[in-house]
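**Q** Sequence isn't available, so here's the structure alone:
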């Protein structure tokens, strides 16, 4: 399609992330003409591979395949992409509130009082989440009460020990990319409901961080894009969508696509930049202001070897010494070099935005050094990805509701507006916020269209 041209299609898909590409592939396989319009010069959205040192590949975006992420597992098999376990041998490290502990499993040994507090909190969250439907969280019996409360406020009322509250808050900075004082408790429960349990969100073996993909997670959208061929248009940011009862006209620079339906598969805050004519319903516009991207930085350091393994350490740590709050060993599957991943999320990530790149690097490596010793201060190479500064994502790993968001605007999240349908991992009801959720959302949006377009 040449510049300044127009094209007719059955469906126009906005966004070439995993959700948009998955929807496009399902529609194309069903015989429908599809055009995918992507603002970036690459596919993948919040999935991004990078090379460090002498060709060592790392993930700077989403990367893990959970134990029950069947859609991701199936797509990887279809594309011939291998899956291997996240390294987890040895002892994990906890450095919180001046207490340093080595432990195995999910919960560190912090004394019976703290252990009991964490156990009770997780059980209470599980019980509350059981009453919140991932399809309709705003309809839960206590929805208004829970949506008016933050995770921090809930912890203050229900978690007795400061260390237990801090552990829950640190998990939130990575899972949601925001502080517990900014998160609606109803949003937390929706998230837990969509994953199946709180344990699955934070666990490695048997949880969301169980496996990784050979070649990095971006191999999934790259493989989908190959199968779609010239249906995918890069460097084509959509600025305007005109829509009637049974048609849309999508404008992306000099490119214009006329279609029967559109799928908007970008984060809600990015969708808010698109001009819609006629304007979207007020509740949908309000949703795009309430559902805000998290703030998360991924920082990776390359070493000649994963030296921490010789000390009997897994590379997984939880810490409040900052700015890093969580680390993982993300070395190649053969262990030929060492890659340490550090997450900086929420308030700490926002503080780092004002720092020079060299100062951010020094702060992260200083944290690695405190956790793993002087060798951690001397990497062979280093990279970071600050998702809040990424123009066409606006943040990561996902978008979150603050207090009041779900009950006021939640029903508009997945509800089509005439011929316009919504995808993206935020709209998923299974594993929202993850690659599995992105695929499920694309699958749902495609199915909506297949029922309406003949």
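**A** Nice, I can see it. Predicted model, so just to flag it, every value in this text is computed and none were measured. Numbering: from 1, shown residues only.

**Q** Any idea how far apart the tips of stretch 373-384 sit?
**A** Using C-alpha to C-alpha, to the nearest Å, the end-to-end distance of stretch 373-384 comes to 21 Å.

**Q** Mind listing what's buried along it?
**A** Going by neighbour count (16 or more other C-beta atoms under 10 Å), the buried part of stretch 373-384 is 376, 379, 381-384. C-beta: built from backbone N, CA, C; applies to glycine.

**Q** With secondary structure, pLDDT and distance to residue 33 added, can I get these in CSV?
**A** Shown next, in CSV, are the buried residues of stretch 373-384 (DSSP: H, G, I helix; E, B strand; the rest coil; pLDDT from 0 to 100; distance: C-beta to C-beta, whole Å):
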residue, secondary structure, pLDDT, distance to residue 33
376, helix, 98, 53
379, coil, 98, 48
381, strand, 97, 44
382, strand, 98, 45
383, strand, 97, 39
384, strand, 97, 40
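
**Q** can you redo those as CSV with distance to residue 306?
**A** Listed next are these as CSV, based on distance: C-beta to C-beta, whole Å:
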residue, distance to residue 306
376, 11
379, 12
381, 15
382, 16
383, 17
384, 20
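
**Q** for these, which one is nearest residue 225?
**A** Nearest to residue 225 among the buried residues of stretch 373-384: residue 383, at 23.3 Å, using C-beta to C-beta.

**Q** Can you spell out which residues form a bridge with the closest one?
**A** residue 300 (DSSP bridges).

**Q** which residues touch it?
**A** Residues counted as contacts of residue 383 (C-beta atoms under 8 Å, 6 or more residues apart in numbering) are 50, 52, 58, 60, 299-300.

**Q** top of those by neighbour count?
**A** Among these, residue 299 has the most neighbours (other C-beta atoms under 10 Å), with 26 neighbours.

**Q** pretty sure that residue contacts residue 384?
**A** Yes: the pair residue 299 and residue 384 passes the contact test of C-beta atoms under 8 Å, sitting 4.5 Å apart.

**Q** okay, and the common contacts of these two?
**A** The overlap between the contact sets of residue 299 and residue 384 (C-beta under 8 Å, 6+ apart) consists of 360-361, 364.

**Q** so how many other residues sit close to residue 371?
**A** Burial measure for residue 371: 22 neighbouring residues, criterion other C-beta under 10 Å.

**Q** Skip the chain neighbours and tell me the closest residue to it.
**A** Distance criterion C-beta to C-beta, 6 or more residues apart in numbering; nearest residue to residue 371, sequence neighbours excluded, is residue 317 at 5.3 Å.

**Q** Regarding that neighbour, what is its secondary structure?
**A** The local conformation at residue 317, judged by DSSP: H, G, I helix; E, B strand; the rest coil, is strand.

**Q** check contacts around it.
**A** Residue 317 neighbours (C-beta under 8 Å, 6+ apart): 92-95, 326-327, 371.

**Q** which one of these has the most neighbours?
**A** That'd be residue 327 among those, by other C-beta under 10 Å, with 27 neighbours.

**Q** any idea how far residue 142 is from the closest residue to that one other than its chain neighbours?
**A** Excluding the flanking residues, the one nearest residue 327 by C-beta to C-beta, 6+ apart is residue 317, at 4.6 Å. As for residue 317, its distance to residue 142 is 35 Å (criterion: C-beta to C-beta, to the nearest Å).

**Q** Equivalent analysis for residue 310, please.
**A** 50 Å.

**Q** go on, residue 293?
**A** For residue 293, the distance to residue 142 equals 27 Å [C-beta to C-beta].

**Q** neighbour-wise, which of those two wins?
**A** residue 293 (24 against 14).

**Q** Am I right that the more buried one is in contact with residue 401?
**A** No: applying C-beta under 8 Å, one finds residue 293 not in contact with residue 401, separated by 11.7 Å.

**Q** what's the spacing between the residue sitting nearest the centre point of the chain and residue 324?
**A** Taking C-alpha atoms, centre = their mean as the criterion, residue 397 is the residue nearest the geometric centre of the chain, at 3.2 Å. Going from residue 397 to residue 324 by C-beta to C-beta gives 16 Å.
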